[in-house]
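[1] Structure for the following, please:
(chains A and B)
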2 protein chains.
Amino acid sequence: MDFSSKLLENAVNEMSQLPGIGKRTALRLVLHLLKQPKDQTSYLAEALQSFRNEIKLCKNCHNISDVEICEICSNPKRNPEIICVVEDIRDVMAIENTAQFKGHYHVLGGKISPIEGIGPHNLTIESLVNKVKSGSVKEVIFALSSTMEGDTTNFYIYRQLEDFDVRLSTIARGISVGDELEYADEVTLGRSIVNRVPFENSLKS
Amino acid sequence: MDFSSKLLENAVNEMSQLPGIGKRTALRLVLHLLKQPKDQTSYLAEALQSFRNEIKLCKNCHNISDVEICEICSNPKRNPEIICVVEDIRDVMAIENTAQFKGHYHVLGGKISPIEGIGPHNLTIESLVNKVKSGSVKEVIFALSSTMEGDTTNFYIYRQLEDFDVRLSTIARGISVGDELEYADEVTLGRSIVNRVPFENSLKS
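    Numbers count the residues shown, from 1 in each chain, chains lettered A, B, ... in the order given. Next up, the predicted model:
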């Protein structure tokens, strides 16, 4: 694309570095900013800058946080003996939305993925193992996506933790609430039969 | 969404002000920046800021430009007697890509749209009329989108210019090159029959 303006070209090029944003979309976004008050661009630029430069990772659970120890870890009402292992903050937000979990989290920061060059040492697995070693943890719940990378990561952590006196569990896989049986894939349906639960459990929610 | 981090929330909120970017996409983009070097965020923020604050509109054609008079208007090889009226810089870029037009442009900055509150006075129509009044223009080509707003704008400008000694033309509407006749809509097909051109013309280019 020939922009005939260095300023525009620069803005579009930087914008199109973001995932899923091509040059055309970037141009549309940047031209939109031009029609808005200058303040909007300043706010956006400043918000991105201060987010990137000032954000911290919680020293305990490695989740994104404004302070050294995040709100969840510093909440005395939450149980630090149950740790839910997730990939990133989006999973924390999803689980928090259910209001069903009152323990702590441990954010791995990704999944083991040889294709993307992410090994166990790029994740916060060691810190999790140390927490378990210290003996303060009673249960570790694996809540990674059910993909090949997720399963690999689960298994890797499982092997690191199996010798300790800690309960290891994984979130239930099964038919989504509201789904029709006939459209469910056979792996999911199979697992939901193998891992059937007492009927009384389904009456709670 | 509960982000439990003001910095993250701020960044996501500002990002989701952009058109077509919801909160979830904004979160994905912002978390992506966190995995990249800090420089990338700085470059993005600075590029947007300096684009928004330093960009000018060409005094002649009102196109986006880094300087007072844009590259196209200051190019002595281009013919200032033929003016192509377009909506914004994206149309200029599209027409420039064809390499078929060697005149000047006139960028309106939008189309007349009562629904969006855009009237003739929000556009650069007066400046176009003054250019024609000065007698230096031989032909004005309308190249707005073929929508109701585009047609309204075309007609409004046409009424302003019809009494001057200037040729008024519009870009040809017809079947796209490579398209099958049977799938063309009847309005387009009808116009392409009414406005048929000598066969020799189709041999050029």
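[2] Run through chain A and note the low-pLDDT ranges.
    Counting by pLDDT under 70, chain A contains low-confidence ranges at A:204-205.
[3] can you pull out the strands in it?
    Here chain A has its strands, by DSSP state E, at A:56-57, A:64-65, A:79-86, A:103-107, A:139-142, A:167-170.
[4] Out of these, flag the one nearest chain B.
    strand A:64-65 (5.4 Å; Cβ to the nearest Cβ). For glycine as for every other residue, the C-beta is placed from the backbone atoms N, C-alpha and C.
[5] mind checking how far that closest one is from the chain centre?
    12 Å (Cα atoms, centre = their mean, to the nearest Å).
[6] quick one: strands adjacent to it?
    With DSSP bridges as the test, strand A:64-65 is paired with strand A:56-57 (antiparallel).
[7] Show me the contact partners of the strand it pairs with.
    Residues outside strand A:56-57 that contact it (Cβ atoms under 8 Å, 6 or more residues apart in numbering or on different chains): A:63-68, A:107.
[8] Now do it: distance to the chain's middle.
    On Cα atoms, centre = their mean, the centre of strand A:56-57 falls 14 Å from that of its chain.
[9] What sits closest to the residue nearest to the spatial centre of chain A if chain neighbours are left out?
    In chain A, the C-alpha nearest the mean C-alpha coordinate belongs to residue A:88, at 2.2 Å (Cα atoms, centre = their mean). Closest residue to residue A:88 apart from its sequence neighbours, by Cβ to Cβ, 6 or more residues apart in numbering or on different chains: residue A:107 at 6.1 Å.
[10] Which strands or helices does the lengthiest helix in chain A pack on?
    Across chain A, the helix with the greatest residue count (assigned by DSSP state H) is helix A:38-54. Applying 3 or more Cβ pairs under 8 Å, 6 or more residues apart in numbering or on different chains; DSSP states H and E, one finds that helix A:38-54 contacts helix A:23-35, helix B:6-15, helix B:23-35, helix B:38-54.
[11] Send me the first one as CSV with only the CA atoms.
    What follows is the C-alpha trace of helix A:23-35 in CSV, where atoms were taken according to Å, rounded to 0.1, in the frame of the first residue of the first chain:
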residue,chain,number,x,y,z
LYS,A,23,-3.1,-3.5,6.9
ARG,A,24,-6.7,-2.6,5.8
THR,A,25,-8.2,-2.9,9.2
ALA,A,26,-5.3,-1.0,10.7
LEU,A,27,-5.9,1.8,8.2
ARG,A,28,-9.6,1.9,9.1
LEU,A,29,-8.8,2.1,12.8
VAL,A,30,-6.2,4.8,12.4
LEU,A,31,-8.5,6.9,10.1
HIS,A,32,-11.2,6.5,12.8
LEU,A,33,-8.9,8.1,15.3
LEU,A,34,-8.5,11.0,13.0
LYS,A,35,-12.2,11.7,13.1
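[12] now it: how far from the chain's centre is it?
    For helix A:23-35, the distance to the chain centre is 30 Å (Cα atoms, centre = their mean).
[13] Also stretch A:5-20?
    Computed by Cα atoms, centre = their mean, the chain-centroid distance of stretch A:5-20 equals 28 Å.
[14] for stretch A:84-101, same thing?
    7 Å.
[15] Over to stretch A:188-198?
    26 Å.
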